[in-house]
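[1] sequence and predicted structure are below.
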Amino acid sequence: MKSELFIDVQPSEVSIALTEDTRLVSLQKESRNIAYAVGDIYLARVKKLMPGLNAAFVDVGYDKDAFLHYLDLGSQFSTYSQYLKQAMGDKRHIPQMAKLKRLPDIDKHGSVTDLLQKDSELLVQIVKEPISSKGPRLTTEITFTGRFMVLIPFGDKISISQKIKTTEEKLRLRQLVESIRPKNFGVIVRTSAEGKRVAELNHEMKTLIKCWEDTVANAQRATAPSLVFEEESRIVSMLRDVFSPSFESIYVNDAETYSQVHKYVSLIAPERQDIVKLYADDVPIFDHFNITKQVKSSFGKTVSFKQGAYIIIEHTEALHVIDVNSGNRSKAASDQESNALEVNLRAADEIARQLRLR
């Protein structure tokens with residue numbers, strides 16, 4: 001199967017289309033240049049404690065104060081707080097995580113006033129972007145997401161994606177990650193790690209640890225409120241979740257984005273970096289590769305597929321309804337059962353594609 005990726009970069013948004021044998025199977029769209037994006041990390045300052053909400057309002061530099069609930073402090077907040085105090089107390093050195101003494105988990109039913117004080121500094125991560133009159137939502141349980149794993153400073157557990165089904169593979173990955181995981185870091189192993197060699201996992205582990213060390217170093221040099229770690233390009237973030245080494249081509253219509261994508265592919269699959277190609281024609285990239293037409297025909301109420309059959313997709317408040325119609329295929333086969341079977345098999349394939357698209 002020939003899989004290709006097309007990245008259409010526009011001033012206000014970016015669209016990523018995935019095709020299999022030239023047939024559109026996935027479409028993602030994201031706005032560009034969103035401030036206070038999910039994943040960004042700030043050195044922030046506590047503005048106000050709200051015991052009634054068991055939460056705090058925190059200044060991250062946004063017009064509205066951000067919201068940090070007690071349950072978003074993370075079970076290892078005491079260890080996190082101890083480390084942050086060391087890091088901000090001696091800004092010439094980054095404390096070594098391996099020498100950090102783990103403290104007991106905080107009480108799940110505790111009070112925010114027991115752990116936070118007004119004007120204290122925190123290292124916080126955006127978990128929900130600001131909406132309307134509400135500021136961002138925060139957590140102090142910092143994470144760094146890679147293609148194969150998620151790194152959690154101050155954690156101590158290894159979790160394996162439930163989508164990895166075989167017990168043997170789960171055991172293999174757990175043993176590999178345990179052998180390369182530094183002390184006082186937790187890891188969530190993602191589905192894409194299935195079948196990967198220890199060298200690939202170790203390379204990403206080191207990259208994510210470097211992100212953590214750079215974040216701490218930036219915080220030591222910063223004055224709250226300040227951005228100290230910015231989630232990688234939203235385009236690369238989207239690509240990270242859909243990329244497969246089996247892609248034959250990745251076309252990008254923007255030179256700067258092309259460089260970012262090429263750098264990313266060179267990092268995670270050096271032998272495949274040549275699949276990234278800059279599209280520079282005057283005709284819009286989605287028009288040139290027949291994606292625009294497929295988008296228009298794929299998101300309507302009626303969707304046609306091979307040899308005249310079609311499905312009708314409607315939705316109510318409670319459910320979605322899909323009606324399969326043979327269309328002008330009613331006389332295509334000599335017997336009714338064969339015709340119905342063929343139509344339903346083709347419909348099942350189209351419905352699967354629609355679920356991915358919608």
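    Cool, got the structure. Numbers count the residues shown, from 1 in each chain.
[2] so after the helix or strand bottoming out on mean pLDDT in the chain, what's the next helix or strand?
    Every helix and strand in the chain was compared by mean pLDDT, DSSP states H and E; the lowest is helix 234-242, with a mean of 74. Sequence-wise, the next helix or strand downstream of helix 234-242 (DSSP states H and E) is strand 249-252.
[3] ok so Val127 is a strand residue?
    Yes - going by DSSP: H, G, I helix; E, B strand; the rest coil, the assignment for Val127 places it inside a strand.
[4] isn't it up against Leu138?
    Yes - between Val127 and Leu138 a contact is recorded at 6.5 Å, counting by CB atoms under 8 Å. For glycine as for every other residue, the C-beta is placed from the backbone atoms N, C-alpha and C.
[5] give me the more crowded residue out of those two.
    Between Val127 and Leu138, counted using other CB atoms under 10 Å, the more crowded position is Leu138 (27 against 17).
[6] returning to that earlier point: shared neighbours, Val127 and Leu138?
    Asp72 (CB atoms under 8 Å, 6 or more residues apart in numbering).
[7] so what's the closest residue to Asn202 other than its chain neighbours up against?
    Distance criterion CB to CB, 6 or more residues apart in numbering; nearest residue to Asn202, sequence neighbours excluded, is Ile180 at 4.7 Å. The contact partners of Ile180, taken as CB under 8 Å, 6+ apart, are 198, 201-202, 205.
[8] make CSV out of those and add pLDDT, neighbour count and secondary structure.
    Formatted as CSV, the contacts of Ile180 follow (pLDDT from 0 to 100; neighbours: other CB atoms under 10 Å; DSSP: H, G, I helix; E, B strand; the rest coil):
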residue, pLDDT, neighbour count, secondary structure
Val198, 93, 15, helix
Leu201, 92, 22, helix
Asn202, 93, 15, helix
Met205, 93, 21, helix
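[9] of all these, which comes closest to Ser75?
    Checking those against Ser75 by CB to CB gives Met205 as the nearest, at 22.3 Å.
[10] in the stretch 1-150 of the chain, which spans are strands?
    3-9, 13-20, 23-31, 41-50, 55-59, 66-69, 121-128, 137-139, 144-145, 149-153 (DSSP state E, counting those that start in this stretch).
[11] what's around Met238, how many residues?
    Taking other CB under 10 Å as the criterion, the count of residues near Met238 is 17.
[12] how much space separates it from Ser15?
    Distance of Met238 to Ser15, computed by CB to CB, to the nearest Å: 10 Å.
[13] next one: phi and psi at the residue lying closest to Ile268 once chain neighbours are set aside?
    Spatial nearest neighbour of Ile268, excluding adjacent residues (CB to CB, 6+ apart): Arg147 at 5.8 Å. Dihedral pair for Arg147: phi -70, psi -40, per degrees, to the nearest 10.
[14] give me the pLDDT for Arg147.
    Predicted confidence (pLDDT) for Arg147: 84.
[15] which ones are touching it?
    By CB under 8 Å, 6+ apart, Arg147 lies in contact with 190, 192, 204, 240, 243, 268.
[16] in TSV: those residues, plus neighbour count and distance to Lys277.
    TSV is the format used below for the contacts of Arg147 (neighbours: other CB atoms under 10 Å; distance: CB to CB, whole Å):
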residue	neighbour count	distance to Lys277
Arg190	21	27
Ser192	19	23
Glu204	19	25
Arg240	18	19
Phe243	21	15
Ile268	20	17
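[17] tell me the one among these nearest to Lys293.
    Among the contacts of Arg147, Phe243 lies closest to Lys293 (CB to CB), at 25.3 Å.
[18] pretty sure the closest one contacts Ile268?
    Yes - counting by CB under 8 Å, Ile268 is a contact partner of Phe243 at 7.3 Å.
[19] what number of residues lie near the closest residue in space to Gly135 that isn't next to it in sequence?
    Among residues not flanking Gly135 along the chain, Lys64 sits closest, at 3.5 Å (CB to CB, 6+ apart). By the measure other CB under 10 Å, the count of residues near Lys64 is 14.
[20] ditto for Val58
    By other CB under 10 Å, 27 other residues sit near Val58.
[21] again with the one 10 residues further on
    The local packing count at Leu68 equals 26, with neighbours defined by other CB under 10 Å.
[22] what distance do you get for it to Thr113?
    Applying CB to CB, the value for Leu68 to Thr113 is 13 Å.
[23] and of the contacts of Ile180, the nearest to Gln354?
    Leu201 (34.9 Å).
[24] surely the closest one touches Phe148?
    Yes - here Leu201 reaches Phe148: they are 5.8 Å apart, a contact under CB under 8 Å.
[25] in contact with Leu151, which residues are there?
    So Leu151 contacts 143-144, 185-187, 205, 208-209, 211-212 (CB under 8 Å, 6+ apart).
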